[in-house]
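[1] Quick one, structure for this:
(2 chains)
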Protein chains: 2
Amino acid sequence: MILLNGKKTSQEIKEEIKLKVSAMKERGERAPHLAAVLVGSDGASLTYVGSKVRSCEQIGFESTLIRLEDDTTEEALLLQIEQLNQDATLDGYIVQLPLPKHINEERVLLAIDPKKDVDGFHPANFGRMALDLDAFIPATPFGIMQLLERYKVPTSGKHCVVVGRSHIVGRPISILMSQKGPAGDATVTVAHSRTQNLAELTRQADIVVMALGIPEYLTADMVKEGATIIDVGITRVADDTHPKGYVIKGDVAFDEVAAKASYITPVPGGVGPMTIAMLLQNTFLARQWNQA
Amino acid sequence: MILLNGKKTSQEIKEEIKLKVSAMKERGERAPHLAAVLVGSDGASLTYVGSKVRSCEQIGFESTLIRLEDDTTEEALLLQIEQLNQDATLDGYIVQLPLPKHINEERVLLAIDPKKDVDGFHPANFGRMALDLDAFIPATPFGIMQLLERYKVPTSGKHCVVVGRSHIVGRPISILMSQKGPAGDATVTVAHSRTQNLAELTRQADIVVMALGIPEYLTADMVKEGATIIDVGITRVADDTHPKGYVIKGDVAFDEVAAKASYITPVPGGVGPMTIAMLLQNTFLARQWNQA
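    Coordinates of the predicted model:
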């Protein structure tokens, strides 16, 4: 069994970008610049955004954190977005989700210039990705593709079952893995809440991508010997024996499934750490594409 | 066995649109207006475009056929497209494919205003479709969804195997059928040229969508009793015993598969006739959305 170590791989990707950024600077070019917009003071969101900003600093990117009050109106936020769209010194930006309930999230995401949409949530990016054009790929599926590619996990002609059809994980990873190219050419099945006999499907799969959000749902009896297991689940489960009062669980019953798997991602330390690396990669791509 | 009669269903859809258009006109509103751009004088393309224009007339749409010479430059075509984008009396238009080899098809399709892209080929439309937003859906998958819905073919929780991953059929139908909604909620597998053991997959399927382009590829031994079969293939096969010198064959060995199927589309007269009806439906939607 080979552990798909996202912590290590994400570090490698960041190092690679860091080297390219320092070469850019030596050539006298402007470093990539990422901005993050945070509305309100949700603790988890603050942590995520803070971590993204720190990662920028580590690899030599410019970064800007724009904090807006909880009661910011939708109009004010849209105005801020328009300014970011116009800002020629900015390559890409993200609007940290969730937004306060009085703001229409869809309207906000559609207002982001697709050329700066480094989260890859805008339909124009999603469509470009699905039609095999250059696009910003959402960080989680992009990270999974990198893990598969860098660990040389065989995918061509293999049967991959994706459990979950969300817009940001299940749907895009199912498209990417069935396209031509590295970590692609798989025969991909998308399963979801309405799927009948899920275990029958996953037992046939050479690769299972779990993106369901139900802790330890995938058990050893649901996978075949030698399968590759990608676990996107991150759920906090209460646990009094831990100092934080909770532990993080994936969608996979790790120990028993790992015993049968050929490759598997741990939780934490698998897909999770890849997402920030891929956001940085998208920002780097934005810097290249927008100047061209 | 129930025949999914696309010829009849497409007539019904056209009749429904015709009634709505005549109500619009009675209210003093402008009728929907579709334009088609044809570059060159390819016989098949002329036939298709002619048929689209005639269909517009039958149901009371305005239509415009723009014919450009074979040696039209890409710049001239892009200029024409810009004019069509600006034309406030025009709801939607199509650029008939294929284009002459000296013209970059991708550049042309990307120049079409997504709001007038009634073929649904622009990435902005594709992304909107994939993210469950209002969108122009490409005619062939849109037509399949209508057939499934109008014949009340059960899809929720069913296993559908789509054979083919093209941008205009396989990919979009796989997304649509696995989304929530009418004719949706299926567990969908996308198979393609790299798929191993295709017959093993299709034999498990409750619904098979064949979009491969290989005549009579799907045989009776590849399907289970009671399956629903959608045949998107249209291939001309030489046949001296026919006056035209050829016959049209689908991807399905119809007679033997029909004997096992619960629902099946014939070729011709199945998916094919639905496409023009759905182009008209998209034009009707364009008329509604763009005035709103």
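
[2] Any idea how far the strand or helix carrying residue A:273 is from the middle of the chain?
    Assigned by DSSP states H and E, residue A:273 falls within helix A:271-291. Counting by Cα atoms, centre = their mean, to the nearest Å, helix A:271-291 is centred 10 Å from the centre of its parent chain.

[3] now swap in stretch A:236-253 and tell me
    For stretch A:236-253 - counting by Cα atoms, centre = their mean - the centre lies 22 Å from the chain centre.

[4] quick revisit: output the helix holding residue A:273 in PDB with nothing but the alpha carbons.
    Coordinates of the C-alpha atoms in helix A:271-291 are reproduced here as PDB (Å, rounded to 0.1, in the frame of the first residue of the first chain):
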ATOM      1  CA  VAL A 271      -6.400  15.800  -0.500                       C
ATOM      2  CA  GLY A 272      -6.800  18.700   2.100                       C
ATOM      3  CA  PRO A 273      -3.300  20.200   1.900                       C
ATOM      4  CA  MET A 274      -3.300  20.000  -1.900                       C
ATOM      5  CA  THR A 275      -6.000  22.600  -2.200                       C
ATOM      6  CA  ILE A 276      -4.000  25.600  -1.100                       C
ATOM      7  CA  ALA A 277      -1.100  24.500  -3.400                       C
ATOM      8  CA  MET A 278      -3.500  24.400  -6.300                       C
ATOM      9  CA  LEU A 279      -4.900  27.800  -5.500                       C
ATOM     10  CA  LEU A 280      -1.400  29.100  -5.700                       C
ATOM     11  CA  GLN A 281      -0.800  27.200  -8.900                       C
ATOM     12  CA  ASN A 282      -3.900  28.800 -10.400                       C
ATOM     13  CA  THR A 283      -2.700  32.200  -9.400                       C
ATOM     14  CA  PHE A 284       0.600  31.500 -11.000                       C
ATOM     15  CA  LEU A 285      -1.200  30.500 -14.200                       C
ATOM     16  CA  ALA A 286      -3.300  33.600 -14.000                       C
ATOM     17  CA  ARG A 287      -0.100  35.700 -13.900                       C
ATOM     18  CA  GLN A 288       1.100  33.900 -17.100                       C
ATOM     19  CA  TRP A 289      -2.200  33.900 -19.000                       C
ATOM     20  CA  ASN A 290      -3.300  37.400 -18.300                       C
ATOM     21  CA  GLN A 291       0.000  39.000 -19.400                       C
END
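
[5] Can you give me the buried ones in that helix?
    Buried residues in helix A:271-291, defined by neighbour count with 16 or more other Cβ atoms under 10 Å in any protein chain shown: A:271-287. For the C-beta atoms, the positions are set from N, CA and C on the backbone; glycine is no exception.

[6] OK, contacts around residue A:132?
    Residue A:132 makes contact with A:179-180, B:167, according to Cβ atoms under 8 Å, 6 or more residues apart in numbering or on different chains.

[7] scratch that, residue A:213 is what I was asking about
    Taking Cβ under 8 Å, 6+ apart, we find residue A:213 in contact with A:164, A:233, A:235, A:251.

[8] now do 10 Å
    Taking Cβ atoms under 10 Å, 6 or more residues apart in numbering or on different chains, we find residue A:213 in contact with A:164, A:166, A:169, A:232-235, A:250-251.

[9] pull the CA atoms of stretch A:247-260 into PDB?
    Extracted in PDB, the C-alpha atoms of stretch A:247-260 (Å, rounded to 0.1, in the frame of the first residue of the first chain):
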ATOM      1  CA  VAL A 247     -11.100  14.500  15.500                       C
ATOM      2  CA  ILE A 248     -11.200  14.900  11.700                       C
ATOM      3  CA  LYS A 249     -12.600  12.000   9.900                       C
ATOM      4  CA  GLY A 250     -12.700  11.200   6.200                       C
ATOM      5  CA  ASP A 251     -15.400   9.400   4.200                       C
ATOM      6  CA  VAL A 252     -13.200   6.200   4.400                       C
ATOM      7  CA  ALA A 253     -12.800   3.800   7.200                       C
ATOM      8  CA  PHE A 254      -9.100   4.200   6.800                       C
ATOM      9  CA  ASP A 255      -7.400   1.300   8.600                       C
ATOM     10  CA  GLU A 256      -9.500  -1.500   7.200                       C
ATOM     11  CA  VAL A 257      -9.700   0.000   3.600                       C
ATOM     12  CA  ALA A 258      -5.900   0.700   3.600                       C
ATOM     13  CA  ALA A 259      -5.300  -2.900   4.200                       C
ATOM     14  CA  LYS A 260      -6.800  -3.800   0.800                       C
END
